[in-house]
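> let's see this in three dimensions:
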Amino acid sequence: MEDLPYEGLKVLDISQGVAGPHCGMLLARHGANVVKLEPLIGDWGRRVGKTYGDNCAYGIAFNRGKRSLALDLKHPDGNAIALDLANAADVIIENNRPGVTTRLGLGYDTIRLENPDVIYLSITGFGQTGPMASRPATDAVLQAFSGLMSVNKDPSGLPQRINVLAIDVVTGLYGFQAVAPALYRRAMKGGGKHIKTSLMEAVGAFQSAKLIEFELQKGKELPLGVPVAMFELSDGFMNINGRRDEHFAALCRIIGRPELAGEAKFLTPERRFENADELMPLLRAPIAAMTVAALSAALTEADVLHAQVQDHGDYMQSEHVREVGAVRWIEQSGAGTIPMPIIPGIAAPRAGDKMVHAPHLGEHSREILSELGHSNEMIDKLAATGAIGLLERETP
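Residues are numbered from 1 along each chain as shown. As a prediction, the model looks like this:
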């Protein structure tokens, strides 16, 4: 078993959805003991899209390695249990709207009285203050609000959502990278910290270069280079990056139009920018008649950047992905055999590894409460009163 850096670290993950849970999952995968505290009906992140038993793809992906405690925070006994866990935690993650966690008696100012060294991460949609602070927010809302959709249009010009919860995932990454140095500072100097971040800030950071470019170009949208584009071929689609002079010349030669590379109006990257509207149709016409295999082979030999557009199945079954082990396959109860991409910098998951099992709702309620000193009789009583939820069947 690898010696993981966060072994012994206690994390209380009160968050739901994707952003906060992603941060908690990364802490768990680095060895932390993460208790996922969720309502009796379960984290709503268990029901994003199609469900498989009591979970969904997003819930499985971002709750690996955690233990689930189902609990009613509005029940006095449930709240008392949550407070005990919070007071003993090294890290707390919450993503309620501003003020909600405080009203539940679990806000930072309350917890730090008994637990002054806690690292407390609060994730909101639009931030803790400001005229939009209380508004509900989702990944799609922030893709629209932030301008991301404006640079992702379909051929008709209609702004499109990236069909993956990119902003939630990125926010979780930013949350993790904020918690990690806070833990290091605590180890070196002592003291806790309240880290406040939001989807709104994360999507801004994610698009830093585009925001700078927007200002410098006075709002004019520019490609990364010309040609850097999607091309339709006779049997598929391909992304080609031929913006460097030598790559552009090679592309022109491969498609049977070598003279284009020598024309003054296409001779430099700057001139190709200026004359993109004229150049691109001249490239698209011959490329449309080629096959993906033939063009890819020629571009590979010429060392020109390119890739065929694949679906997720193509990626997972790629000879390269399989050779380097970038995707492993594990058993998840309720879902069956599922792919589990490796996390960069972390040892690859193994079959039966508890660090890649996504917990069922309340799967570890009895175990966690036993660790807090509750007897089985007391736990059964708490369940009977509705303070906690139990999963009393065996799971892997």
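> what ranges does this structure have for its strands?
Remark: strands assigned in the chain by DSSP state E are 10-13, 33-38, 51-52, 55-56, 67-71, 91-94, 119-124, 193-198, 228-233, 236-241, 305-308, 327-332, 336-341, 388-389.
> in TSV: those strands, plus mean neighbour count and mean pLDDT.
For glycine as for every other residue, the C-beta is placed from the backbone atoms N, C-alpha and C. Converted to TSV, these look like this (neighbours: other Cβ atoms under 10 Å; pLDDT from 0 to 100):
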stretch	mean neighbour count	mean pLDDT
strand 10-13	24	98
strand 33-38	27	98
strand 51-52	15	94
strand 55-56	22	96
strand 67-71	26	98
strand 91-94	27	98
strand 119-124	26	98
strand 193-198	20	98
strand 228-233	16	96
strand 236-241	16	98
strand 305-308	15	98
strand 327-332	16	93
strand 336-341	13	94
strand 388-389	24	97
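> reformat those as TSV; add distance to G373.
Listed next are those as TSV, based on distance: least, Cβ to Cβ, whole Å:
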stretch	distance to G373
strand 10-13	15
strand 33-38	15
strand 51-52	35
strand 55-56	30
strand 67-71	15
strand 91-94	21
strand 119-124	24
strand 193-198	29
strand 228-233	60
strand 236-241	58
strand 305-308	56
strand 327-332	31
strand 336-341	35
strand 388-389	15
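> out of the ones you listed, which gets nearest to L283?
With Cβ to Cβ, the closest approach to L283 among these belongs to strand 228-233: 7.4 Å.
> partners of that closest one in the sheet?
Paired neighbours of strand 228-233 in the sheet (DSSP bridges): strand 236-241 (antiparallel).
> can you give the contact residues for the partner strand?
Strand 236-241 has contacts (Cβ atoms under 8 Å, 6 or more residues apart in numbering) with 224-225, 227-231, 247, 251, 287, 292, 295-296, 299, 304-309.
> for stretch 276-286, same thing?
223, 226-227, 229, 231-232, 251-252, 255-257, 260, 265-266, 272.
> quick check: Y52 vs T138, distance?
22 Å (Cβ to Cβ, to the nearest Å).
> so what's A264 up against?
Contacts of A264 by Cβ under 8 Å, 6+ apart are R271.
> could you report the pLDDT at it?
Here the pLDDT value assigned to A264 is 96.
> hmm, Q128 is touching N96, no?
No: contact criterion Cβ atoms under 8 Å: Q128 and N96 do not qualify, at 11.1 Å.
> so between these two, which is more surrounded?
N96 (19 against 14; other Cβ atoms under 10 Å).
> which residues of this protein score low on pLDDT?
For the chain, residues meeting the criterion pLDDT under 70 lie at 1-2, 351, 392-396.
> so how far is F266 from the most centrally placed residue in it?
Taking Cα atoms, centre = their mean, the centroid of the chain lies closest to V169, which sits 1.9 Å from it. Remark: distance between V169 and F266 (Cβ to Cβ) = 39 Å.
> how does the protein divide into domains?
With domains defined by automatic domain parsing, the chain comprises 10-208+328-389, 228-314.
> same list (those domains) but as CSV, adding distance to L216.
Compiled in CSV, the domains of the chain are given as follows (distance: least, Cβ to Cβ, whole Å):
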stretch, distance to L216
domain 10-208+328-389, 13
domain 228-314, 14
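> which of those domains sits closest to R322?
Among these, domain 10-208+328-389 sits nearest to R322 (Cβ to Cβ), with 10.4 Å.
> and the helices in the stretch 51-200 of the chain, which stretches?
Secondary structure of the stretch 51-200 of the chain (DSSP state H, counting those that start in this stretch): helices located at 57-61, 76-88, 100-103, 108-114, 139-145, 166-189, 199-206.
> helices or strands up against the last one?
In this case it means helix 199-206. On a contact count with 3 or more Cβ pairs under 8 Å, 6 or more residues apart in numbering; DSSP states H and E, helix 199-206 meets helix 139-145, helix 166-189.
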